[in-house]
Every structure is written in C-alpha cells, then in structure tokens.
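> Sequence first, then the predicted structure, then my questions.
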Amino acid sequence: MKPSHKSYEVDPLLPKMAEKRYPPLNSSFPFVTSYQTDNSILPKASKNIEKALKGGKLLELAYEFKETVATLSQTPVNISVTGDSGNGISSFINALRLIGHEEGDSAPTGVVRTTQTRAEYSSSHFPKVVLWDLPGLGATAQTVENYVKEMKFRVCDLFIIVASEQFSSNHVKLAKVIQGMGKRFYIVWTKLDRDLSTSVLSELLLLQNIRENVGENLQKAGVNEPPIFLVSNLDPLLHDFPKLRETLYKDLSNIRCGEALTILYGTCEKIVDDKMASWKERIANGNLKDSLGVRNDDDMGECLKAYRLVLGVDDDALQQVAQSMGTVVIAYKANMKSQNLDTLRREDWKLRLMTYAVTDCLLTFLPCLRGCFRRMRHERMLLLVVQDTKAILKKILEDAIIPPQI
Ligand SMILES: Nc1nc2c(ncn2[C@@H]2O[C@H](COP(=O)(O)OP(=O)(O)OP(=O)(O)O)[C@@H](O)[C@H]2O)c(=O)[nH]1
Ligand SMILES: [Mg+2]
C-alpha cells in the first residue's frame with residue numbers, strides 16, 4: 001500500500017450519490033491572465049496591425065494575426081502531471097503520448113512506487129510541450145508546500161491532477177494550491193476500466209457518481225470546478241480521452257496566445273474607436289458627400305455601404321478574409337446587423353424609427369430639423385457598423401487561434 005496523508009474530510013466515492021445531478025463538463029477553464037507569454041513580438045505586430053486597420057485592409061490584418069499566432073505557437077509550455085502515488089500518473093503520460101509502457105522512451109510504471117524524481121517527456125502530438133511526470137504527493141511524508149516547491153509548480157503553466165479509486169485529501173490539497181496560484185488544472189480520473197468491471201452500477205450512473213464525488217470534494221474546499229475527465233490508461237482513445245485532448249489543444253492556444261492577442265485586440269478596438277470619432281466629426285461638419293464618396297447623403301443604403309468600406313468590412317473584404325481563414329463568408333456575416341439597410345433596420349429599432357418614410361415626410365415641413373436628424377441617423381448607422389467591425393475583428397482573431405472547421 002502506498003502511503004497517503006489526509007487532513008481534509010473527503011466523502012467516500014460511492015454512497016448516496018445517485019440522486020444528485022452533475023453539471024456538464026466544462027470545455028475549458030475560465031481564462032486567467034497570469035501566464036507569461038513571450039510578448040517581444042508585440043510591438044512589431046501592433047504596428048503592422050495598426051497600419052492595416054487604419055488603411056481598412058482587413059486581409060492584411062488577418063494575415064498579421066495568423067503570423068503572430070504562428071510565432072506564439074512556438075512558445076514552450078510546461079504541463080505537470082501530479083496526484084497520489086500509484087494513481088496512474090506515469091501511465092497517463094504514456095497514454096496521452098499514445099505510446100505503450102514497454103516502448104523505449106515511455107515513462108516507467110509499476111505496482112510498487114516507481115517515479116522517484118520529476119522527469120520530462122515530449123510528444124509529437126503536442127509540439128513544444130513538456131510533460132512532467134511527478135512522483136505522487138502521497139509517496140513521502142513531505143508537506144504540500146515542500147512538494148510544490150520541489151516539483152517547481154511556479155514554472156508550470158498547466159496541471160493535470162490524476163486520481164483513481166478515491167479522490168483523496170491530497171488531490172484536494174493539490175487543487176487548492178494550484179487554484180491559489182491562479183493556474184489552470186484538470187482532474188483526470190484513471191483506471192475507469194477497473195471501476196466499470198467491478199461496479200454494480202450502470203455505466204452512466206457510475207460516471208455520474210465519480211464526477212459528483214470529485215466535484216463535491218472540491219467544492220467543500222472552496223475550489224472552483226475544473227474540467228474533469230474519466231479515462232482508462234489502457235484505452236487512450238476511449239472514454240473522455242478525445243475530449244481531454246481537444247480541451248488541452250484549446251488551452252495550449254490560450255496559454256500561448258491569449259494574453260498577447262488580448263493586447264492586440266485592444267489595439268484594434270482603439271483604432272476603430274478613433275476612426276469612429278473622426279467620422280463623427282465629419283458627420284457633425286456635414287460634408288459627408290465628399291468624404292464618404294456618396295452621391296446622396298440621405299440615401300442610407302448607399303451611405304451604409306460607404307461606412308462599411310471605410311471601416312474595412314465591405315463584402316469583398318469579408319469574402320477575402322473568409323477565404324484566407326479557410327472558412328465561408330457567412331461565418332463572418334451571419335451575426336452582422338449591417339449586412340444591408342434592411343437587416344440593419346430590422347435589428348435596430350432606433351434606426352428603424354429614424355428611417356421611416358413618414359419621418360422624411362414630416363421633415364419636409366420642418367427643414368430646420370433636417371440637418372440635425374440627418375446627423376443622428378448617420379451617427380447611429382456609424383455606431384452599428386463599428387459594433388459589427390469589432391465583432392468581426394474578434395472573430396478573425398479567434399479563427400487565427402483555432403482555425404474554423406467547415
Ligand atoms: N487497469 C488499469 N491499470 C492502470 C491504469 N493506469 C495505471 N494502471 C496501473 O496502475 C499501476 C500504477 O501505475 P503508474 O502509472 O506507475 O502510477 P504512478 O502514479 O505513476 O505511480 P508512482 O510512479 O509509483 O508514484 C501500474 O501497475 C499500472 O499498470 C488504468 O487506467 N487501468
Ligand atoms: Mg509514476
């Protein structure tokens with residue numbers, strides 16, 4: 001038997017759990033900002049993005065986002081796999097790497113205590129990721145504080161807490177300490193094959209019970225629920241393994257790119273806001289025909305096209321961007337209020353009110369209000385196109401991080 005140290009009260013796994021419902025799996029953790037990515041590329045990227053956006057060149061902007069993501073994707077990420085000794089930590093690393101425990105560079109596993117010091121592994125399935133195989137916390141008499149220091153938790157970006165048979169006080173301690181550091185972690189419950197072959201419960205109920213038990217124990221210690229995956233290391237493609245890999249890919253992107261791209265998006269928002277301010281001035285000055293390049297500045301359909309063009313979100317630009325991002329243009333236009341004047345009026349009651357034919361009629365009798373009304377209409381329309389532009393920029397950024405699948 002491997003030693004374990006208990007100080008938290010932990011619920012036993014199976015009793016009285018069937019009647020409770022477990023919340024669905026979180027697809028990823030709430031984004032935390034404490035990751036230190038290599039931001040040295042930001043000044044150049046910011047400059048290029050500024051140039052592209054000021055010139056209304058959406059395609060260039062998309063290209064710059066993709067380049068930035070490609071560079072950031074090379075950032076090394078450290079993942080520590082921890083847990084109680086004997087829970088299947090080393091076996092899980094092998095399963096994640098899709099290699100058998102008999103292969104040369106596999107992590108050693110065994111029924112007796114095997115992993116004595118932290119050891120690093122890599123995998124072609126997760127380039128530039130170091131997987132740290134740690135000795136279990138329960139293996140020695142050391143405190144969790146000493147363990148955290150010795151295992152260099154500070155330099156790790158993501159943690160996987162492996163548990164099996166029971167979710168112990170050590171698992172809770174590890175989760176609490178990692179949450180305290182503001183870092184992400186998952187719970188991976190291994191040896192599911194054994195649970196399934198020995199339990200009298202149906203598979204559905206058993207899985208639900210395990211999740212509930214883990215969730216309750218964490219909740220009692222004030223730990224927010226992380227993603228929980230139930231797997232068997234003997235079947236690295238079954239159970240929650242596919243979901244785990246998918247979540248891991250997404251979180252790796254967030255860790256590497258999240259902070260930098262949030263900064264770049266902030267730059268974009270500022271440029272779009274500056275553009276809006278300068279167009280509002282022109283609207284106030286009333287010289288729209290020339291600056292917008294329209295024949296009639298009361299023709300709101302024509303003006304809408306012109307505003308979309310100056311903000312760089314005209315149909316041609318969106319088509320080119322969609323193509324370069326490997327998706328269809330509707331992916332960018334679907335949520336756009338300003339697709340055309342009809343959609344805009346349908347989606348925005350204020351603009352609808354301002355563009356009623358009867359309003360125009362009334363204004364012919366009140367010419368003094370005409371200029372003021374035109375300004376309001378244009379400002380409203382500009383604002384709506386700006387909102388759409390920001391949403392599109394955000395989507396391009398998201399698609400640069402995780403390419404869309406069609
Ligand atoms: N049936 C079954 N056995 C497993 C599974 N995962 C690990 N084992 C077995 O459990 C034992 C311990 O596995 P390890 O991967 O060495 O566990 P560890 O947590 O790394 O243990 P230490 O390195 O000793 O701290 C080994 O005999 C494994 O073959 C699993 O998913 N299913
Ligand atoms: Mg081990």
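In hand now; what should we look at? Ligands and ions are numbered 1, 2, ... in the order given.

> Now residue 84. Nearest residue, chain neighbours left out?
Spatial nearest neighbour of residue 84, chain neighbours left out: residue 138 (4.2 Å); criterion: CB to CB, 6 or more residues apart in numbering. C-beta coordinates here come from the backbone N, C-alpha and C atoms, glycine included.

> Repeat that for residue 293.
Nearest-residue entry for residue 293: residue 306, 6.1 Å, with adjacent residues in sequence omitted and distances by CB to CB, 6+ apart.

> ok now the one helix or strand the one you found maps to, how far from the chain's centre?
Element membership for residue 306 (DSSP states H and E) is helix 300-310. Between the mean C-alpha point of helix 300-310 and the mean C-alpha point of its chain there is a distance of 33 Å (CA atoms, centre = their mean, to the nearest Å).

> still on that earlier bit, can you give me the distance of the residue nearest to residue 84 to ligand 1?
Note on residue 138: its distance to ligand 1, by CB to the nearest ligand atom, to the nearest Å, is 8 Å.

> Kindly report the same for residue 99.
Using CB to the nearest ligand atom, which is the criterion applied here, residue 99 is 13 Å from ligand 1.

> Residue 115 now?
Residue 115 sits 3 Å away from ligand 1, going by CB to the nearest ligand atom.

> one step back: which residues touch the helix holding residue 306?
Taking CB atoms under 8 Å, 6 or more residues apart in numbering as the criterion, the residues outside helix 300-310 that touch it are 56, 275, 279, 288, 292-297, 314-315, 338, 340-341, 344, 355, 377-378, 381-382, 385.

> Next secondary structure element downstream of that helix?
Of the helices and strands lying after helix 300-310 in sequence (DSSP H and E), the nearest is helix 315-324.

> and for the helix or strand just after that following helix, what are the contacting residues?
Following the chain from helix 315-324 toward its C-terminal end, the next helix or strand by DSSP H and E is helix 330-333. Residues from elsewhere that reach helix 330-333 (CB under 8 Å, 6+ apart): 318, 321-322, 339, 392, 395-396, 404, 406.

> follow-up on the earlier one: between the helix holding residue 306 and helix 315-324, what angle do the directions make?
With axes from the mean of the first three to the mean of the last three CA atoms, to 10 degrees as the criterion, the two stretches helix 300-310 and helix 315-324 enclose an angle of 40 degrees.

> how does the protein divide up, domain by domain?
75-239, 258-401 (automatic domain parsing).

> Secondary structure element for residue 390, which one?
Secondary structure assignment for residue 390, by DSSP H and E: helix 367-401.

> What separation do you get for the residue lying closest to residue 339 once chain neighbours are set aside and residue 324?
In this structure, residue 339 finds its nearest non-sequential neighbour in residue 333, 5.7 Å apart by CB to CB, 6+ apart. Spatial separation of residue 333 from residue 324 under the definition CB to CB, to the nearest Å is 16 Å.
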